[in-house]
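Asker: sequence-free structure coming up:
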């Protein structure tokens, strides 16, 4: 399960590093599932609080 969290974290880092050049974001997961996976990654210390906040903002912005 930790490998999945690391993969999710790395995916978010890739999106974050692209900055405003990211125009699309495709996912087969629901908003709730994405946020749940992100929260699990944070709770398992796979990502920092700052990384958690940035990734959460990206996910939520995508659904607005």
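Answerer: Everything's here; your move. Remember, predicted model here, so these are calculated numbers, not experimental data.
Asker: Tell me the helix or strand right after the strand or helix carrying residue 7.
Answerer: According to DSSP states H and E, residue 7 maps onto helix 2-18. Where DSSP H and E defines the elements, the next helix or strand beyond helix 2-18 is helix 31-43.
Asker: Quick one: mean pLDDT for the following helix or strand past that next one?
Answerer: Next helix or strand after helix 31-43 toward the C-terminus (DSSP H and E): helix 49-62. If you average the pLDDT over helix 49-62, you get 90.
Asker: Just want the angle from helix 49-62 to helix 31-43.
Answerer: In terms of direction (axes from the mean of the first three to the mean of the last three C-alpha atoms, to 10 degrees), helix 49-62 departs from helix 31-43 by 170 degrees.
Asker: Would you mind listing the buried residues in helix 49-62?
Answerer: Applying a neighbour-count criterion of 16 or more other C-beta atoms under 10 Å, one finds 51-52, 54-56, 58-59 buried in helix 49-62. (Each C-beta comes from the backbone N, C-alpha and C, glycine too.)
Asker: what's the answer for stretch 3-11, then?
Answerer: Within stretch 3-11, the residues that count as buried by 16+ other C-beta under 10 Å are 5, 8-9.
Asker: Pick the one among the residues you listed closest to residue 38.
Answerer: Closest approach between the buried residues of stretch 3-11 and residue 38, by C-beta to C-beta: residue 8, at 6.7 Å.
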